[in-house]
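# Predicted structure and sequence below. I'll ask about it afterward.
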Amino acid sequence: ANIALFDGAKASFFSGQAFKGEREYTLMYEDMVRDKATWMGFYDDPRNNVNAERSCGILGTLATLWRQRGDMQQAEAVLDMEEEVLQRYARHMPPDARECYDALRYKYNIIRYNLYLQTNRTQQCVAIFRE
């Protein structure tokens, strides 16, 4: 991974223990919002496809937590960020990672679908259901 692009704080999101919990996930998301250009540049580098994959899982987990607590606006913002990371992962994933991408996309769609149902936007569920 090309973590060297990041300062020590950003690099720490990808080191050590795999599942750091909601507090760390929130810190990572907030940093992504604050410094989006750097993060998206990081994910645009093909050498960082594994980090993009892991970030999708982190963002999906965070969106689910906030949706289940009723913070729909925040959950939707996290899903929007996850969509951007997913797009970059799709561009740079190795050929043997298609199944992984499909699983990430499926999980993303479930979370988005549930958010739309919970916010009475059932018409928007149709496109997700078709995908």
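The structure has been received and is ready for your questions. Residues are numbered from 1 along each chain as shown.

# wait, what's in contact with residue 100?
53, 93 (C-beta atoms under 8 Å, 6 or more residues apart in numbering). Using the backbone N, CA and C atoms, a C-beta is placed for each residue, glycine as well.

# Look at it and tell me its secondary structure.
helix (DSSP: H, G, I helix; E, B strand; the rest coil).

# residue ranges with poor pLDDT in the protein?
Residue ranges of the chain with pLDDT under 70: 1-20.

# For the helix or strand encompassing residue 27, buried residues please.
Residue 27 belongs to helix 22-34 when assigned by DSSP states H and E. By neighbour count on 16 or more other C-beta atoms under 10 Å, the buried set for helix 22-34 is 25, 26, 28, 29, 31, 32.

# Just send these back as a markdown table, with distance to residue 99 too.
Output for those, formatted as a markdown table (distance: C-beta to C-beta, whole Å):
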| residue | distance to residue 99 |
| --- | --- |
| 25 | 24 |
| 26 | 29 |
| 28 | 25 |
| 29 | 26 |
| 31 | 30 |
| 32 | 26 |
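
# if we take those, which one ends up nearest to residue 58?
Using C-beta to C-beta, residue 25 is the member of these that lies nearest residue 58, at 5.1 Å.

# correct me, but residue 59 touches residue 26?
No: applying C-beta atoms under 8 Å, one finds residue 59 not in contact with residue 26, separated by 10.7 Å.
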